[in-house]
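A.B. asks: coords please:
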Amino acid sequence: MAVSRPSPHLKKLRTRPILQSAWNHIYANGQHSKSSDTKKAIKDFKRKESANIDRIYRALLKGQYKFQPAKGVLLGKKKRPVVISTVNDRVVQRAQLQVLQDIPSLHPFFRSPNSFGA
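C.D. replies: Numbers count the residues shown, from 1 in each chain. From the prediction side, this is the model:
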């Protein structure tokens with residue numbers, strides 16, 4: 001059986017600069033969170049930022065990264081359901097988004113009035 005080579009997009013996802021950039025975005029957003037749990041999780045990740053990013057990087061490189069179960073919570077007066085991912089998963093998800101946003105043929109989808117944005 002032939003071994004397939006990873007796509008250029010997957011290669012880009014598996015880089016420290018993309019993961020660092022994704023983390024920077026997650027960290028900046030986390031500073032404005034109203035949730036004390038989110039702020040604590042962000043602070044804990046920040047404490048060992050380099051090691052955490054390196055652990056994610058190595059898992060992605062080996063094809064062994066596994067998303068953790070997300071936590072569902074109800075927010076606001078209307079009890080709107082929201083899914084909260086772990087910080088590690090948010091970093092990978094953000095990195096995926098950044099890679100996808102760099103693909104010109106996908107730009108119309110990100111600018112669509114039906115898009116929820118990023």
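
A.B. asks: any residues touching stretch 35-48, and which ones?
C.D. replies: 23, 26-27, 30-31, 33, 52, 84, 86-88 (Cβ atoms under 8 Å, 6 or more residues apart in numbering). Placement of C-beta: from N, CA and C, glycine included.

A.B. asks: what do you get if the cut-off is 10 Å, keeping everything else the same?
C.D. replies: The contact list for stretch 35-48, computed with Cβ atoms under 10 Å, 6 or more residues apart in numbering, reads 23, 26-33, 51-55, 71, 73, 75, 82, 84, 86-88, 90-91.

A.B. asks: how many other residues sit next to residue 79?
C.D. replies: 9 (other Cβ atoms under 10 Å).

A.B. asks: meant to ask about residue 10
C.D. replies: Using other Cβ under 10 Å: residue 10 sits among 13 other residues.

A.B. asks: Roughly how far does it sit from residue 18?
C.D. replies: As judged by Cβ to Cβ, to the nearest Å, residue 10 and residue 18 stand 11 Å apart.

A.B. asks: Show the residue spans covered by the helices in the chain.
C.D. replies: Counting by DSSP state H, the chain has helices at residues 8-13, 16-30, 36-47, 49-61, 87-101, 107-110.

A.B. asks: Between these, which one is closest to residue 67.
C.D. replies: The closest of the helices of the chain to residue 67 is helix 87-101. By Cβ to Cβ, the value is 5.1 Å.

A.B. asks: Tell me which other helices or strands that closest one touches.
C.D. replies: Using 3 or more Cβ pairs under 10 Å, 6 or more residues apart in numbering; DSSP states H and E, the elements in contact with helix 87-101 are helix 8-13, helix 16-30, helix 36-47, helix 49-61, helix 107-110.

A.B. asks: Lowest average confidence across those helices, which one?
C.D. replies: Note on the helices and strands packed on helix 87-101: lowest mean pLDDT is at helix 107-110, with a mean of 74.
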